[in-house]
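> What follows is a predicted protein model with its sequence.
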Amino acid sequence: MAKSIHSMIRVLDERRSVDFYETAFDLHVADRLDFDTFTLIYMSNAESDFELELTVNKGRSDAYALGDGYGHLAVSVADLAADHARLEAVGLTPGKIVDFNRDGSLLARFFFITDPDGYKIEVLQRHGRYK
């Protein structure tokens, strides 16, 4: 059986992206592999074995075109309102909190935030299938 281990996104500025993911989601550099033309930065935290891989292509200065195929990354948190307030307090700009109902009951409670390269991250309250 397959096990999900990481998701990769391309970023322009290593420090800016690492700072964002540390501040927003308490992800820390687990490994950094430097090559001639690119660098791979693996970020994780104690909540999960799953990692976010940031790929920095050296010499690139143009923003990546995210296109219409990319959707979002998703993380779950124990206290959505507290995390929303914390992100606002550190100067990040989370979107509004949304209660998403289905058949008269709460399916999900979430907000979105955008990283420095334009990637959307959905932040979900741990509830139901979103553990």
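Arrived safely, thanks for sending. Numbers count the residues shown, from 1 in each chain.

> contacts and neighbour counts: CA atoms only from here.
OK.

> what about Leu87, which SS state?
helix (DSSP: H, G, I helix; E, B strand; the rest coil).

> hang on, it packs against Pro94?
Yes - using C-alpha atoms under 8 Å, Leu87 makes contact with Pro94 at a distance of 6.7 Å.

> the more surrounded of these two?
Pro94 (20 against 17; other C-alpha atoms under 10 Å).

> Need the three-state assignment for that one.
coil.

> Let me see the contact set for it.
Contact analysis of Pro94 by C-alpha atoms under 8 Å, 6 or more residues apart in numbering lists His84, Leu87, Glu88, Phe111, Phe112, Ile113, Thr114.

> Phi and psi next, for it.
Dihedral pair for Pro94: phi -70, psi 150, per degrees, to the nearest 10.

> Tell me the spacing between it and Asp13.
Pro94 is 21 Å from Asp13, where distance means C-alpha to C-alpha, to the nearest Å.

> ok, now Lys96?
27 Å.

> coming back round to it: a markdown table for the contacts of Pro94, including secondary structure?
Shown next, in a markdown table, are these (three-state DSSP):
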| residue | secondary structure |
| --- | --- |
| His84 | helix |
| Leu87 | helix |
| Glu88 | helix |
| Phe111 | strand |
| Phe112 | strand |
| Ile113 | strand |
| Thr114 | strand |
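
> Fine by me, we can end here.
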